[in-house]
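>>> A structural model of the following input is requested.
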Amino acid sequence: MTMKIKSWFTVIFFLGTACFIFAQENENAYVLNVDKAVALALENNVSVERSVISLKNAETAKKYGWNSAAPSLKGGVSSSIPLNSISDTSVDLSVTLSLNLTANLFSQIKNTKNVWEQSEISFRQAVRNVEKSVRQAFYALIYEKENILLQEENLKNAKTQYENNLVKYSNGRLSEIDAISAEVSYKQKIPLVEQARTTFQNDLDSFKQVLGLKIQDKVELEGSLDDILFLGEITLEGMDFNSDEVKLLEKKLEGAEISVLDGKFSAYAPSISSSVKWNDKIYSGELKNSSSFSASLSASIPLDGVFPWSNQNIAVKKAENSVTDLQLQLSEAKKDFLREIQSSLRSIRQIQESIKYSQANIALAEKTFLMTQEAYSRGTKDLLTLQNAGTTLLNAQVTLNSNILSLGKTILELENSIGCDFCSLTKEKK
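Prediction:
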């Protein structure tokens, strides 16, 4: 029995070791700044890959948009075997070349080109949205890293106060209630540090997924919130910008107008059909054959379009209504675009002012904390006042970092909206 248990322990040990070695061999280590993270995401992100597929499909359709006018070639073979006279078996061979021309060919070519242009805009939107999201997520993780450092520093200070108070209490220089209060304050901060670490790790795993990395890969982020701190004026004067959303709606409107034209062609325009056929019939019994050659040409004009209740006429009316609806959407989108730009600029100025106040508050909070700490050591300030000063300093530091992150995200949103290169609004002015 003892030998069996030892054997099982040995098997489990080797299996665990093998799994650990396998995991180690299948994990990679990355040191990423924001630009490297963006490059990885654009290379591996699923939404970008799907947009590439859609763009390729639209490009193929545009390349061969004329194919409805391509001639059609058909070949046929048939055999006739009389049951009462097998020797009279015959074989029919035929080849038919046909060509159909409609006015819709023009609208079809224009439509495939329009669909491709829409796909190009959608692809550009997908790429820019991924880059914006990666940049925002990257600096959100930097914020969380710095928040962990602040929480750890706060925990370290609380532990130092607790240990000093414990010594004072042991020497009879501090009341028991103050010693207990210091211990409670210290232990209350431990879960906050653990929570900050857990949040960071969970968000880092999500970030790896966006970049197309494996969850077990090790990732180290290089950067700081100072990279996105910009307190200068942001102006759009002299810039030629436009919204991809507006551009996409313009292309959709163009596509709707093409649909109206296509519907009118279907309802009123003539079509031409032509074909050439060669036929050869071989008789096995008499060892002879007879061949024929024929050609046909026909033209037709649809008449249903003159009736208001016809399907063709109704389709044209629906297409015209779609044009009107898209015109309204486009007009509203242009107004929203201009309003959002002004709103973003105002938000940026407001956050910049908040950052300036936060920087001043940190300087005051640090000075207050150090003076309170010195006064507490002399016995002229109580423990609660010292704890409040530490909390005020921590809150000021967290608020500053939060404002810097909000500023960076808002600037990225503005750059994404107007279609300029990311970081270009601040790069030249830093």
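>>> any low-confidence regions in this structure?
Applying pLDDT under 70 to the chain flags the ranges 1-26, 61-71, 80-90, 101, 282-290, 305, 428-430.
>>> and the residue nearest the centre of it, how far is that from S47?
Among the residues of the chain, the one closest to the centroid is V130, at 3.9 Å (C-alpha atoms, centre = their mean). For V130, the distance to S47 equals 6 Å [C-beta to C-beta, to the nearest Å]. Yep, even glycine has a C-beta here, placed from its N, CA and C like the rest.
>>> what do you get for D421?
For D421, the distance to S47 equals 20 Å [C-beta to C-beta].
>>> hmm, back to that, mind checking which helix or strand the residue nearest to the centre of the chain is in?
Element membership for V130, per DSSP states H and E: helix 104-170.
>>> which element follows that helix toward the C-terminus?
Past helix 104-170, the next helix or strand by DSSP H and E is helix 176-211.
>>> angle of that following helix against helix 104-170?
On the basis of axes from the mean of the first three to the mean of the last three C-alpha atoms, to 10 degrees, helix 176-211 is oriented at 160 degrees to helix 104-170.
>>> now do the same contact list for the residue nearest to the centre of the chain.
By C-beta atoms under 8 Å, 6 or more residues apart in numbering, the residues touching V130 are A41, L42, N45, S47, V48, V210.
>>> quick one: the fourth one and A126 touch, right?
Yes. The pair S47 and A126 qualifies as a contact (C-beta atoms under 8 Å) at a distance of 5.6 Å.
>>> more neighbours: these two, which one.
A126 (20 against 14; other C-beta atoms under 10 Å).
>>> now that one: closest residue in space that isn't a chain neighbour?
S51 (4.0 Å; C-beta to C-beta, 6 or more residues apart in numbering).
>>> which of the helices or strands spans the one you found?
Short version: S51 belongs to helix 46-63, going by DSSP H and E.
>>> and the helix or strand following that helix, what's buried?
Sequence order places strand 72-80 as the next helix or strand after helix 46-63, per DSSP H and E. Within strand 72-80, no residue qualifies as buried by neighbour count (16 or more other C-beta atoms under 10 Å).
>>> tell me what the next helix or strand after strand 72-80 is packed against?
From strand 72-80 onward toward the C-terminus, using DSSP H and E, the following helix or strand is strand 90-102. Using 3 or more C-beta pairs under 8 Å, 6 or more residues apart in numbering; DSSP states H and E, the elements in contact with strand 90-102 are strand 72-80, strand 271-283.
>>> just send those strands back as a markdown table, with distance to E183 too.
Shown next, in a markdown table, are the helices and strands packed on strand 90-102 (distance: least, C-beta to C-beta, whole Å):
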| stretch | distance to E183 |
| --- | --- |
| strand 72-80 | 89 |
| strand 271-283 | 91 |
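>>> which stretch among the ones you listed comes nearest E117?
strand 271-283 (27.8 Å; C-beta to C-beta).
>>> going by residue numbers, what spans are strands in the stretch 251-400 of the chain?
271-283, 288-300 (DSSP state E, counting those that start in this stretch).
>>> how much space separates the closest residue to T368 other than its chain neighbours from P302?
Closest residue to T368 apart from its sequence neighbours, by C-beta to C-beta, 6+ apart: A389 at 5.4 Å. Separation of A389 from P302 (C-beta to C-beta): 86 Å.
>>> now swap in L326 and tell me
Distance from L326 to P302, by C-beta to C-beta: 27 Å.
>>> neighbour-wise, which of the two wins?
Neighbour count, other C-beta under 10 Å: between L326 and P302, L326 has more, with 20 against 15.
>>> now for A315: which residues touch it?
Contacts for A315 (C-beta under 8 Å, 6+ apart) come out as G263, S266, A267.
>>> distance check, the spatially closest residue to the second one that is not a sequence neighbour against G263.
Same thing as S266. Spatial nearest neighbour of S266, chain neighbours left out: Q312 (5.5 Å); criterion: C-beta to C-beta, 6+ apart. Computed as C-beta to C-beta, the Q312 to G263 distance reads 7 Å.
>>> the more surrounded of the two?
G263 (22 against 19).
>>> isn't that one right next to A319, touching?
Yes. Between G263 and A319 there is a contact under C-beta under 8 Å: 5.0 Å.
>>> how about the helices of the stretch 201-350 of the chain, start to end?
Counting by DSSP state H, counting those that start in this stretch, the stretch 201-350 of the chain has helices at residues 244-268, 311-378.
>>> now the angle from the helix holding V130 to helix 46-63?
170 degrees.
>>> quick one, what contacts the nearest residue to K159 once chain neighbours are set aside?
Once flanking residues are discounted, K159 sits nearest to Y186: 5.3 Å by C-beta to C-beta, 6+ apart. Neighbour list for Y186: L155, A158, K159, Q161, Y162 [criterion: C-beta under 8 Å, 6+ apart].
>>> distance to L174 for those residues - can I get that in TSV?
Below are the contacts of Y186 laid out as TSV (distance: C-beta to C-beta, whole Å):
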residue	distance to L174
L155	21
A158	16
K159	16
Q161	11
Y162	11
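>>> which residues touch the helix holding S51?
Applying C-beta under 8 Å, 6+ apart, the contact partners of helix 46-63 are 41-42, 112-113, 115-116, 118-120, 122-123, 126-127, 129-130, 212.
>>> show the buried residues in those.
Buried members of these, counted by 16+ other C-beta under 10 Å: 41-42, 112-113, 115-116, 118-120, 122-123, 126-127, 129-130.
>>> how close does T391 sit to K189?
Going from T391 to K189 by C-beta to C-beta gives 10 Å.
>>> in this structure K334 contacts E245, no?
No. K334 is beyond contact range of E245, at 9.8 Å (criterion: C-beta under 8 Å).
>>> any idea how far D217 lies from L42?
Distance from D217 to L42, by C-beta to C-beta: 18 Å.
>>> quick one: stretch 144-160 to chain centroid distance?
Put simply, stretch 144-160 sits 34 Å off its chain's centre (C-alpha atoms, centre = their mean, to the nearest Å).
>>> please identify the buried residues of it?
E144, K145, E146, N147, I148, L150, Q151, N154, L155, N157, A158, K159.
>>> same question, stretch 102-113
T102, A103, N104, L105, F106, S107, Q108, I109, K110, N111, T112, K113.
>>> as CSV, these with distance to I272 would be great.
Converted to CSV, these look like this (distance: C-beta to C-beta, whole Å):
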residue, distance to I272
T102, 8
A103, 10
N104, 12
L105, 11
F106, 14
S107, 16
Q108, 16
I109, 17
K110, 20
N111, 21
T112, 22
K113, 24
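>>> which among the residues you listed gets closest to K251?
The shortest approach to K251 among the buried residues of stretch 102-113 belongs to K113, at 10.1 Å (C-beta to C-beta).
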